[in-house]
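> need a structure here:
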Amino acid sequence: MADVPVRKLSPDVVQVGTGRVRVGPYQNAPDSEIVLFNAPPAELDERGVREARRGTAIVVVQRNETRVEDLRRLIGRLRAAGAEPLGYVFTRSGRG
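Numbers count the residues shown, from 1 in each chain. The predicted structure follows:
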């Protein structure tokens, strides 16, 4: 059996499939990387909208919970802050 090469990664890098994810403060991320910012619900906290000013946003929507009007309002706020939504991720409801 051939040995599988093991690449040592720095402590802040996690192997995910064939790619890598850097974990750490977003302030340290180079501009060439994608930064995922886990923000509280936009209706309760402005941090997600504030961080989206970096340019783009992926909006996480809870299926069967998020109201269409709330989503439209959030998209308007993101665009007003200078961010363009790239897309949406639908999560399951916490029920069942």
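> could you use CA atoms for every contact and neighbour count after this?
Fine.
> so what's the nearest residue to Val59 once chain neighbours are set aside up against?
Spatially, and ignoring its direct neighbours in sequence, Val59 is nearest to Tyr88 (4.8 Å; C-alpha to C-alpha, 6 or more residues apart in numbering). With C-alpha atoms under 8 Å, 6 or more residues apart in numbering as the criterion, the residues that contact Tyr88 are 58-61.
> parallel or antiparallel, which strands does the helix or strand containing Tyr88 pair with?
Element membership for Tyr88, per DSSP states H and E: strand 84-91. Take DSSP bridges as the rule and strand 84-91 pairs in its sheet with strand 56-62 (parallel).
> and the partner strand, C-alpha only, in CSV?
Taking only C-alpha atoms (Å, rounded to 0.1, in the frame of the first residue of the first chain), the coordinates of strand 56-62 have been written out as CSV:
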residue,chain,number,x,y,z
THR,A,56,-21.7,40.7,-1.2
ALA,A,57,-23.9,38.6,1.0
ILE,A,58,-25.3,35.1,1.1
VAL,A,59,-28.6,35.2,3.0
VAL,A,60,-29.6,32.2,5.2
VAL,A,61,-33.4,31.8,5.2
GLN,A,62,-35.2,29.5,7.6
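> what comes up buried for that strand?
56-57, 59-61 (16 or more other C-alpha atoms under 10 Å).
> returning to what we had before: tell me the confidence at the residue nearest to Val59?
Looking at Tyr88, its pLDDT stands at 82.
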